[in-house]
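*Asks:* Structure for this input, please:
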Amino acid sequence: MRKFTVASTFLMAFAVAGWSQNTTTDQANQTSQTQTANKKVKKNGKPEPSAGRQVANGTGNVAGGAGKGAGDLAKGTGKGAADLVTLHPIDAAGSVGKGAVGAGKDVSVGAAKGSGKIVKGIGRGIKHLF
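*Replies:* Model prediction:
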């Protein structure tokens, strides 16, 4: 998981460096006219978010999945500790296991959705550079 975080941070820094270049007013006007003509439209009629927005949304999904997973793990561990104190060891083991499974599911779903959006956003950003 740490390698994934380092790699995604490096890729985001690389993508952001390309977007921070200055342009003149004429080039900016031509670019905005070209972008409005070439915007992709989703099935619901709304324009597709920009590459930077997709990377930001992907990062949010990864963080949200990790946060939700940590919450599930804490909830299961807390319930397991309470069951253990009240002398219900079987229920305690079940609660801790259920919390761990829920945490793993939330973290993996958040990472999968987020990394997909990050890759798509970086790909669109690189496409605009060339």
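*Asks:* Give the buried residues for stretch 65-81.
*Replies:* Buried residues in stretch 65-81, counted by 16 or more other Cβ atoms under 10 Å: 65-66, 68-69, 72-73, 76-77, 79-80. From N, CA and C alone the C-beta is placed, and that goes for glycine too.
*Asks:* can I get those residues in JSON lines with secondary structure?
*Replies:* Formatted as JSON lines, the buried residues of stretch 65-81 follow (DSSP: H, G, I helix; E, B strand; the rest coil):
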{"residue": "G65", "secondary structure": "helix"}
{"residue": "A66", "secondary structure": "helix"}
{"residue": "K68", "secondary structure": "helix"}
{"residue": "G69", "secondary structure": "helix"}
{"residue": "D72", "secondary structure": "helix"}
{"residue": "L73", "secondary structure": "helix"}
{"residue": "G76", "secondary structure": "helix"}
{"residue": "T77", "secondary structure": "helix"}
{"residue": "K79", "secondary structure": "helix"}
{"residue": "G80", "secondary structure": "helix"}
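*Asks:* now, which of the residues you listed sits nearest S108?
*Replies:* Nearest to S108 among the buried residues of stretch 65-81, counting by Cβ to Cβ, is G65 at 7.5 Å.
*Asks:* In this structure the closest one contacts G114, no?
*Replies:* Yes - the criterion here is Cβ atoms under 8 Å, and G65 meets it with G114 at 6.8 Å.
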